[in-house]
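In: Here is the input, now give the coordinates:
(chains A and B)
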Amino acid sequence: MDPRSIGAMSRRTFLIGASTVTLVASLRARADASEIRLAAAPAKASLLGSNRPQTGVWAYNGEIPGPALRLRQGEPARIVVENRLAEETTVHWHGVRVPNAMDGVPGLTQPPIKPGESFAYEFTPPDAGTFWYHSHADSLVQLGRGLSGAIIVKEREPVAVDRDLLWLVSDWRLTEDGEIAAGFGGMMDAGMSGRVGNVVTVNGAVAMEAPVRAGERIRLRLVNAALARIMALRFDGHSPVVVSLDGQPCEPHAPEGGRVLLGPAMRADLVLDMHGDPGRRYDVIDDFYDGLSYRLARFAYGEKPSSRDHASDAPLVLPRNPLPEPDLATAERHDLALQGGMMGGGALAGMGGMKGGMNGMMGGMMGGMGMMGGARNAAVWAINGQSMTGDGAAEMKPSLTFGRGRSVVLTLRNQTAWWHPMHLHGHSFRVLTRNGAATPHRQWRDTVLMAPKDVVEIAFVADNPGDWMLHCHVMDHQMTGLMTVLRVS
Amino acid sequence: MTRTIRLVSLFALLSFSGPTLAAPIHAVLYKNPQCSCCEAYAAYMRENGFDIEIKPTNDLARISQKAGVPEQLEGCHTMFVDGYVVDGLVPADVVKKLLTERPAIAGVTLPGMPIGAPGMPGAKSAPLTIFAVAKDGAPPTVYATE
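Out: Predicted coordinates:
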């Protein structure tokens, strides 16, 4: 088990093992057994290795990434978040279908947690799978400085693999001396691909090596916790099988083109049969951006094979989660057009409801002087001509309202020249089609990655009452208007 | 086909033997890997006698910042030519003016991606304002309007 993991199980195990605790102490501990505490505070992290300068980060419990929270499907969790930052914060439990009041969107679902204050999040995860948590206040800065971690909700019955590995991938824009570069919210980042960094870490370390043994079967949980970096991962010498996407089991399949495509906020669970040669190393390469491929991590085979001479024959299908199946025949249908950005052809020109100054960066809006004011939280993007900017606010009015229990089909049209991972809060949705073709492998997601000009149909049952955000998870894009609110009444 | 090659060679010879520019001027252009206007700009610069080497990078903001370009005046890509930074879609004749006059500045920038600028579609709706980037971080001044 990951030594960083905390949660009900590890603490209970510790209690059973400790024979000298007094009755009072053990009673108190038992009452707290299911409570997890996360403190957000400034910290130092050795992202670049022990012989390089440390990086000033913001971290949960002083760890980068934050501790992996191990919860159990259908069992209540209580997570107390303490704010030791100098600014307000909240935590969003990304992909976990929580009650609206626990969703962690400042203004919209809760008052932000002020410095020095705490907030207790309580929910019962309905789905087993790989999820994650991150700040949803001053999101671009707080996530970019390190406030994220994984959530693993265990299946009721254990899955037949030899080992369960978690790789949380973070992307950092660092200066030469290892500090986080200033300039969050720059206008070029906002209007183009977001704040993609220059150092990528796996579980908080650059160029990570994972020791493996020949013959073992691994479940590898991948979490893209980057602000903006899209990844396409190739596993040199291995044949990963995708068994789950965004925490929702799918039909096991080889990734398209041999590469696992992960936009910001997206997860994939892979099963890997480790059939490499003992003593050898195998690279995991990210080659999403043309001409900029790099080695993300490496499998390092030990000299000794595992006790088995070949990997397990157990089936790879994970048990399904209790997701309501949308009724496509009776579903209500809506179109949402994603607009704006650089090379956007002036889609935002003349639109109403825009906050902040328009700043001359969109084609069609021109005049070089217009942009002197900078782009911080100015509208650069829009959904159906409306720009909601920032992290969340009480005055955000829903663009669509659904009766509770209604089946809904949304057609998302990316009319921009850029990629967008679109995330819906409070629900998982089925990805029905992409550019007119049926989506294979029974894909349920909470975040769908859209290439420029993509048209994607998603469907879900609006069964979770409240106001829910739908937004791009490239943080710069969210902050500058690629966001809307959907209400389930 | 032979004729086409001959014509192209003749054209190349003519354009390279002009009185002001004897050989193409080498420039290195750093660009976002997903931005296509920068490719169009590079093609335009090549037509205007520059030898452009394109380097895709996700670290553009830092490269531009280190070259002294104020954040609020960033262009969509950053080019280095003969000791100067040229940020954004600066017209070729302004770059040539810079290389001829050789002022004591870090370079020039055309903020954003104005319509009608080289590499962008459409016609200009307003003049392009190209700013001088100071070496000492002093406030930017207008270098040229086009």
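
In: contacts, neighbours, all on C-alpha from now
Out: Fine.

In: Centroid-nearest residue for chain B?
Out: Compute the mean C-alpha point of chain B, and by CA atoms, centre = their mean the closest residue is residue B:90, 4.8 Å away.

In: In contact with the nearest residue to that one once chain neighbours are set aside, which residues?
Out: What sits nearest to residue B:90 in space, not counting adjacent residues and going by CA to CA, 6 or more residues apart in numbering or on different chains, is residue B:110, at 5.7 Å. Counting by CA atoms under 8 Å, 6 or more residues apart in numbering or on different chains, residue B:110 touches A:368, B:73-75, B:87-90, B:128-131.

In: Could you do residue B:50 as well?
Out: Counting by CA under 8 Å, 6+ apart, the residues that residue B:50 touches are B:24-27.

In: got it, and residue A:220?
Out: A:164-167, A:269-272.

In: and which of those is nearest chain B?
Out: If you rank the contacts of residue A:220 by distance to chain B using CA to the nearest CA, residue A:167 comes first, at 22.4 Å.

In: Skipping its backbone neighbours, what lies nearest the closest one in space?
Out: Counting by CA to CA, 6+ apart, the residue nearest residue A:167 is residue A:222, at 5.0 Å.

In: need the contact list for that neighbour.
Out: A:166-169, A:267-270.

In: and the two most separated of these?
Out: Between any two of these, the greatest separation by CA to CA is 14.9 Å, found for A:169 and A:270.

In: Touching, residue B:84 and residue B:103? I think so.
Out: No - if you go by CA atoms under 8 Å, residue B:84 and residue B:103 don't touch, sitting 9.8 Å apart.

In: In terms of neighbours, single out the busier of those two.
Out: Neighbours per residue (other CA atoms under 10 Å in any protein chain shown) separate residue B:84 from residue B:103, with residue B:84 holding more: 21 against 12.

In: show me the contacts for that one.
Out: B:105-108.

In: could you redo the last one with a cut-off of 7 Å?
Out: Applying CA atoms under 7 Å, 6 or more residues apart in numbering or on different chains, we find residue B:84 in contact with B:106-107.

In: that older thread, ok, and the most crowded of the contacts of residue B:50?
Out: residue B:27 (21 neighbours).

In: Give me the distance between that one and chain A.
Out: 19 Å (CA to the nearest CA, to the nearest Å).

In: Disregarding flanking residues, what is the spatial nearest neighbour of that residue?
Out: Closest to residue B:27 by CA to CA, 6+ apart is residue B:81, at 4.5 Å.

In: Number of residues surrounding the one you found?
Out: 18.

In: Give the bridge partners for it, please.
Out: residue B:27, residue B:84 (DSSP bridges).

In: what do you get for residue A:89?
Out: Counting by DSSP bridges, residue A:89 is bridged to residue A:113.

In: Is it correct that it is in contact with residue A:110?
Out: No - at 10.7 Å, residue A:89 does not count as touching residue A:110 under the criterion of CA atoms under 7 Å.

In: How about residue B:49: what's its closest non-neighbour residue?
Out: Here the residue nearest residue B:49, using CA to CA, 6+ apart, is residue B:24, at 5.0 Å.

In: do stretch A:378-395 and chain B meet at all?
Out: No - shown here: stretch A:378-395 not in contact with chain B (CA under 7 Å from any CA of the partner chain), separated by at least 12.3 Å.

In: Got phi/psi on the closest residue in space to residue A:252 that isn't next to it in sequence?
Out: Nearest residue to residue A:252, sequence neighbours excluded (CA to CA, 6+ apart): residue A:243, at 4.6 Å. Here is the backbone geometry of residue A:243 (degrees, to the nearest 10): phi -110, psi -20.

In: got it, and residue A:100?
Out: According to degrees, to the nearest 10, residue A:100 has phi -50, psi -40.

In: Residue A:79 now?
Out: phi -120, psi 110.

In: Tell me the pLDDT of the closest residue to it other than its chain neighbours.
Out: Once flanking residues are discounted, residue A:79 sits nearest to residue A:36: 4.6 Å by CA to CA, 6+ apart. Residue A:36 carries a pLDDT value of 96.

In: The host helix or strand of residue A:36: partners in the sheet, and parallel or antiparallel?
Out: Taking DSSP states H and E as the criterion, residue A:36 maps to strand A:35-45. According to DSSP bridges, strand A:35-45 forms sheet pairs with strand A:55-60 (antiparallel), strand A:77-83 (parallel).

In: export those to JSON lines and tack on mean neighbour count and mean pLDDT?
Out: Below are the strands paired with strand A:35-45 laid out as JSON lines (neighbours: other CA atoms under 10 Å in any protein chain shown; pLDDT from 0 to 100):
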{"stretch": "strand A:55-60", "mean neighbour count": "24", "mean pLDDT": "98"}
{"stretch": "strand A:77-83", "mean neighbour count": "20", "mean pLDDT": "98"}
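
In: Kindly reformat those strands as a markdown table containing distance to residue A:212.
Out: Formatted as a markdown table, those follow (distance: least, CA to CA, whole Å):
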| stretch | distance to residue A:212 |
| --- | --- |
| strand A:55-60 | 29 |
| strand A:77-83 | 32 |
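
In: of those strands, which approaches residue A:194 most closely?
Out: strand A:55-60 (19.7 Å).

In: did I read that right, residue B:43 in a strand?
Out: No - Residue B:43: not assigned to a strand; according to DSSP: H, G, I helix; E, B strand; the rest coil it is helix.

In: Check the secondary structure at the most centrally placed residue in chain A for me.
Out: Residue closest to the average C-alpha location in chain A (CA atoms, centre = their mean): residue A:265, at 2.4 Å. Secondary structure, three-state DSSP: residue A:265 is coil.

In: Surely it and residue A:227 touch.
Out: No - using CA under 7 Å, residue A:265 is not in contact with residue A:227, being 8.3 Å away.

In: what does chain B put close to chain A?
Out: B:33, B:56, B:58-59, B:71-73, B:76, B:110-115, B:126-129.

In: before we move on, the earlier item: could you check the distance from the residue nearest to residue A:79 over to residue A:277?
Out: Going from residue A:36 to residue A:277 by CA to CA, to the nearest Å gives 41 Å.

In: Would you mind checking the average pLDDT for stretch A:393-400?
Out: 90.

In: buried ones in it?
Out: If you call a residue buried by 16 or more other CA atoms under 10 Å in any protein chain shown, then stretch A:393-400 has these buried ones: residue A:393.

In: Kindly report the same for stretch B:51-63.
Out: Applying 16+ other CA under 10 Å to stretch B:51-63 flags B:51-52, B:54, B:56-63 as buried.

In: Please narrow these to those residing in strands.
Out: Cross-referencing the buried residues of stretch B:51-63 against strands under DSSP state E gives B:51-52, B:54, B:56.
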